[in-house]
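**Student:** Give me a 3D structure for the following:
(one chain, ligands or ions: 2)
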Amino acid sequence: MKTLNTQVAIIGSGPSGLLLGQLLAQHGIDNIVIERSSVEHVLSRIRAGILEQGFVDLLHQAGCAKRLTEQGIEHHGIYVSVDGQKHHLNLKLLTQGKVVTCYGQTEVTQDLIAARNASAQRSFYSAPVTEIHNPERGQAHVEFEHQGQAYRIQCDFIAGCDGFHGVSRPSIPNDIRREFERVYPFGWLGLLSDTPPVSEELIYCKHPRGFALASQRSLTRSRYYLQVSNQDRVEDWSDERFWQELKRRLPEQDAAKLQTGPSIEKSIAPLRSFVCEPMQYRQLFLVGDAAHIVPPTGAKGLNLAASDVAALYQVLSAYYDGEPREVLDQYSPLCLRRVWNAERFSWWMTSMLHHFDQQESCSFLDRMSDSELNFYLENQAGKQLIAEQYVGLPYDQITLCNSLHAEKTIK
Ligand code: APR
Ligand code: PHB
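**Tutor:** Ligands and ions are numbered 1, 2, ... in the order given. Have a look, this model is predicted:
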């Protein structure tokens, strides 16, 4: 077994692990990223595409925002269509200037990997972590295998950035860990195509046949979603069937403009709400999807991961700058406040925009959700409430104990 030493062992090379690694490295904190899959696999995953300003600021801080600045598209509003009738939410006006940026998670990951490759920090791909040793006192370590060689990394801390199916969360003992979960009775079928987006701004469509979303990755690449039953398989959905169904759910004037083409990627994602408490146990910190999942309706998954990274970076840099160890205890409560807020918003948006029972078209709950959506869309204060949560709330700051540090703002 080969032994390596570092300050922070980061499990997972998704956006959480890579962004954390970059911020820590810039602060002079050594870290190693260990990723189960190959780089090619990590870069082939198609995920979210809407970045809150807080995330954009973090990418600037990490020195990874060059391509984002050139290619990201600022979105000043969104549409919500109810049975074909469109409502516009001018995010910028409703939130006194805040906007979101359209830039794919795959691109973010690519930029972060390029930055990491250009730095002196070590990474291991195709290297699944099999063992986490997280004692009450003393040094933590993780074990993994890479190209037939067993490794042990001795470290001060472990960042569990290994997604929903990773090994970090289950390593927290059952009597400490509490999990909260809701699985929805439907999924989203996503299709990516090299066709111009049907609309400059995203359209969230509530329709008797089910929810649909018109999103995009660039001026020439579209991303569309359809609500489908949990029993559906991708093979059930030819491109042709997808486009036909999308046209039925889009507002008429948009359906008429829809440009179709072959899919580059098509997949079904189940919808889930999930939270693990606490997000820290001894030297282990859970970050991003390892700790929580939101349904995608509020575009919060990736942004929530970024706000965990911001919080973990704050406490770790404060600790290495000389703050007492207790500063680390702020991580879990600070994150969970924001996590539950995003869970509530994502669950609320999902409930208002979907028909829960696609067989039964007029259940009582469906009527309630129709009424609630109309109530919020038909007055300014209601639209403002949706807009403020959609663009994202500002990040909370940690409290420093050491008066020497309390003077300075953490960068
Ligand atoms: N050892 C090493 N790596 C692992 C292990 C393991 N045992 N288990 C999982 N991983 C890796 C996965 O292969 C994956 O690349 O951890 C990574 C986790 O990345 P993501 O799932 O992308 O999670 P995260 O970085 O938290 O990203 C936040 O926001 O929009 C949402 O779900 C979307 O991925 C997105 C997330
Ligand atoms: C996407 O473009 O993938 C996307 C956009 C907004 C959402 C969910 C997904 O709410």
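**Student:** need the helices for the chain, in chain order.
**Tutor:** 15-26, 39-44, 53-61, 66-71, 91-94, 105-117, 239-249, 252-257, 301-320, 331-353, 364-377, 380-391, 403-406 (DSSP state H).
**Student:** winner for burial among those?
**Tutor:** Mean neighbours per residue, mean count of other CB atoms under 10 Å, is largest over the helices of the chain for helix 15-26, with a mean of 26. (Glycine included, C-beta is placed from N, CA and C.)
**Student:** Run through the neighbouring helices and strands of that helix.
**Tutor:** Helix 15-26 is packed against strand 8-11, strand 31-34, helix 53-61, helix 105-117, strand 157-160, helix 301-320, with contacts defined by 3 or more CB pairs under 8 Å, 6 or more residues apart in numbering; DSSP states H and E.
**Student:** Skip the chain neighbours and tell me the closest residue to the residue sitting nearest the centre point of the chain.
**Tutor:** By CA atoms, centre = their mean, the chain has its centre lying nearest to Leu302, at 1.6 Å. Counting by CB to CB, 6 or more residues apart in numbering, Ala48 is the residue found nearest to Leu302 once chain neighbours are left out, at 4.3 Å.
**Student:** hang on, that neighbour packs against Pro296?
**Tutor:** Yes: counting by CB atoms under 8 Å, Ala48 does reach Pro296; the two are 6.8 Å apart.
**Student:** Could I get the CA-only coordinates of stretch 33-42 as CSV?
**Tutor:** Only the C-alpha atoms of stretch 33-42 are listed here, as CSV (Å, rounded to 0.1, in the frame of the first residue of the first chain):
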residue,chain,number,x,y,z
VAL,A,33,-9.1,14.6,-5.6
ILE,A,34,-10.0,10.9,-5.9
GLU,A,35,-12.6,10.0,-8.5
ARG,A,36,-14.2,6.6,-9.2
SER,A,37,-14.9,7.2,-13.0
SER,A,38,-12.6,8.2,-15.9
VAL,A,39,-12.3,11.9,-16.9
GLU,A,40,-14.1,11.1,-20.1
HIS,A,41,-17.1,9.7,-18.2
VAL,A,42,-17.2,12.7,-15.8
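**Student:** Tell me where the stretch 101-250 of the chain has strands.
**Tutor:** 122-124, 129-133, 140-146, 149-155, 157-160, 178-193, 203-206, 212-216, 222-229 (DSSP state E, counting those that start in this stretch).
**Student:** How many neighbouring residues does His87 have?
**Tutor:** Counted with other CB atoms under 10 Å, the neighbours of His87 add up to 17.
**Student:** re earlier: hey, which of the strands of the stretch 101-250 of the chain is tucked in deepest?
**Tutor:** strand 157-160 (a mean of 29).
**Student:** Let me know the pLDDT of Arg367.
**Tutor:** What the model reports for Arg367 is a pLDDT of 89.
**Student:** Who are the contact partners of the closest residue to Gln110 other than its chain neighbours?
**Tutor:** Excluding its sequence neighbours, the residue lying closest to Gln110 (CB to CB, 6+ apart) is Leu43, at 5.9 Å. Applying CB atoms under 8 Å, 6 or more residues apart in numbering to Leu43 gives the contacts 106, 109-110, 113.
**Student:** restrict those to those near ligand 1?
**Tutor:** Near ligand 1, judged by CB under 6 Å from any ligand atom, there are no entries from these.
**Student:** Any chance of CSV for these, columns distance to ligand 2?
**Tutor:** Shown next, in CSV, are the contacts of Leu43 (distance: CB to the nearest ligand atom, whole Å):
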residue, distance to ligand 2
Thr106, 10
Thr109, 14
Gln110, 16
Ile113, 20
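**Student:** Now tabulate the residues you listed in TSV and tack on pLDDT and distance to Glu372.
**Tutor:** As requested, the contacts of Leu43 are exported to TSV (pLDDT from 0 to 100; distance: CB to CB, whole Å):
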residue	pLDDT	distance to Glu372
Thr106	94	34
Thr109	97	36
Gln110	97	39
Ile113	98	42
